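Asker: A structural model of the following input is requested.
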Amino acid sequence: MSNQDKETINQKIERLNAEVDWFYSEDFSLDDAITNYKKSIKLADEIKSDLKGLKNEVSVLSKDFSKN
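Answerer: The predicted model follows:
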């Protein structure tokens, strides 16, 4: 996936919301629940990692601005 094709955090959150909504939908089935749960956990971990990376960037920028 190129940088232009990379999913944004907002897109990942929207996708996670859709995954969570599936659990409350008429399409829900116990047979698919474990698979969808694992996909949702993986996606949530990706979002958490992305947010942690952004937090680190903000911290670095804040330190750079405080030097001036």
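Asker: excluding its backbone neighbours, what's nearest the spatially most central residue of the chain?
Answerer: When CA atoms, centre = their mean is applied to the chain, the residue found nearest the centroid is Ile47 (2.6 Å). Nearest in space to Ile47, with sequence neighbours left out and distances taken as CB to CB, 6 or more residues apart in numbering, is Lys12 at 5.1 Å. No exception for glycine: its C-beta is placed from N, CA and C like everyone else's.
Asker: specify the local secondary structure of the one you found.
Answerer: With DSSP: H, G, I helix; E, B strand; the rest coil as the basis, Lys12 sits in helix.
Asker: ok, back up a step: and the strand or helix carrying the residue nearest to the centre of the chain, what's buried?
Answerer: Secondary structure assignment for Ile47, by DSSP states H and E: helix 30-67. Judged by neighbour count using 16 or more other CB atoms under 10 Å, the buried positions of helix 30-67 are Asn36, Ser40, Leu43, Ile47.
Asker: next one: Val20 relative to Glu46, how far apart?
Answerer: Using CB to CB, to the nearest Å, Val20 is found at 15 Å from Glu46.
Asker: could you do Ser40 as well?
Answerer: For Ser40, the distance to Glu46 - CB to CB - is 11 Å.
Asker: again, but for Ser29
Answerer: Distance, Ser29 to Glu46, by CB to CB: 25 Å.
Asker: same check on Glu7?
Answerer: Counting by CB to CB, the gap between Glu7 and Glu46 amounts to 9 Å.
Asker: same check, this time on Ala33
Answerer: Distance of Ala33 to Glu46, given as CB to CB: 20 Å.
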